[in-house]
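Participant: mind looking at a prediction? Sequence and model below.
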Amino acid sequence: MSTFFDEMKRSFADVPVTDNKVDTAAFLQAAESLVKLFDLLGSSAFTVVKNDMNGNIEKIKAKLLLDPAGASTLQDLVLSEAPTKSKKATQGLLWLSRGLQFTAQAMRETVDNPSKELTVTFTDAYTKTLSQYHGMLVKPVFKLAMKACPYRKDFFEKLGANQEKVNEQLTEWLKALENIVKIIMDFFASGNYGKGL
């Protein structure tokens, strides 16, 4: 029986990181696979989250197609845009990373607190991550989405019939996702590359 993780184009656990530099093409595949997680949450309230992440993935992809050598790692992509006026891909990466940070936090809270329902763990994660960047108009939309989370049991069943295998793959995927998000966020902070974006 295959699981949600078996069907991914690429897991974050399979994204090459060399000298703390993240491979852009592999990262994009893993991010696209992660967005499908929101389909399992089953509420149209998550459409806004998905569309936001997909839009940011497209900005990074456009840059990679335009400049494959200069954007081969996420760090190179940011550095190549740093001296220019247009920082579309950098902005896309920053916001996508914030979305990934929220997803990682939500899944971490869910894994670490087996007695808590997703409405609680996702709301907690939103409060700790994305909500600080969202204005008055966006916050209610996201809060509504968090309240629309399915029951924990139903969500985990959608991840796969073999729960032991699901837990194993989820643990590995989540650890890799958290590591990559940390690398990206540390990099943005190190050069203040997210300023004004």
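Facilitator: Perfect, thanks for sending it.

Participant: make it CA atoms for all contacts and neighbour counts henceforth
Facilitator: Will do.

Participant: can you map out the strands along the chain?
Facilitator: Assigned by DSSP state E, the strands in the chain fall at 17-18, 21-22.

Participant: for stretch 153-172, what is the average pLDDT?
Facilitator: Mean pLDDT, computed over stretch 153-172, is 96.

Participant: quick check: buried residues in it?
Facilitator: By neighbour count on 16 or more other C-alpha atoms under 10 Å, the buried set for stretch 153-172 is F155, F156, L159, G160, K165, V166, Q169, L170, T171.

Participant: check the separation of the first and last residues in it.
Facilitator: One end of stretch 153-172 sits 20 Å from the other (C-alpha to C-alpha, to the nearest Å).

Participant: so how far is it off the chain centroid?
Facilitator: In terms of C-alpha atoms, centre = their mean, to the nearest Å, the centre of stretch 153-172 is found 18 Å from the chain centre.

Participant: contact partners of it?
Facilitator: Outside of stretch 153-172, the residues within contact range by C-alpha atoms under 8 Å, 6 or more residues apart in numbering are M1, S2, T3, F4, F5, A13, L40, L41.

Participant: quick check: closest non-adjacent residue to the fourth one.
Facilitator: It refers to F4. Residue nearest to F4 in three dimensions, not counting chain neighbours: L159, with 4.9 Å by C-alpha to C-alpha, 6 or more residues apart in numbering.

Participant: likewise the fifth one?
Facilitator: Once its chain neighbours are removed from consideration, F5 has its nearest residue in Q169; the separation is 6.6 Å (C-alpha to C-alpha, 6+ apart).

Participant: just L64 next, same as before
Facilitator: In space, and not counting its chain neighbours, L64 is closest to A71: 5.3 Å by C-alpha to C-alpha, 6+ apart.

Participant: cool, and A176?
Facilitator: Nearest in space to A176, with sequence neighbours left out and distances taken as C-alpha to C-alpha, 6+ apart, is A13 at 5.0 Å.

Participant: over to G42?
Facilitator: Nearest-residue entry for G42: P150, 7.2 Å, with adjacent residues in sequence omitted and distances by C-alpha to C-alpha, 6+ apart.

Participant: counting by contacts, list what the helix-or-strand element of the chain with minimal mean pLDDT packs against.
Facilitator: None of the helices or strands of the chain scores lower by mean pLDDT, DSSP states H and E than helix 138-147, at a mean of 88. Here helix 138-147 touches helix 47-66, helix 118-128, going by 3 or more C-alpha pairs under 8 Å, 6 or more residues apart in numbering; DSSP states H and E.
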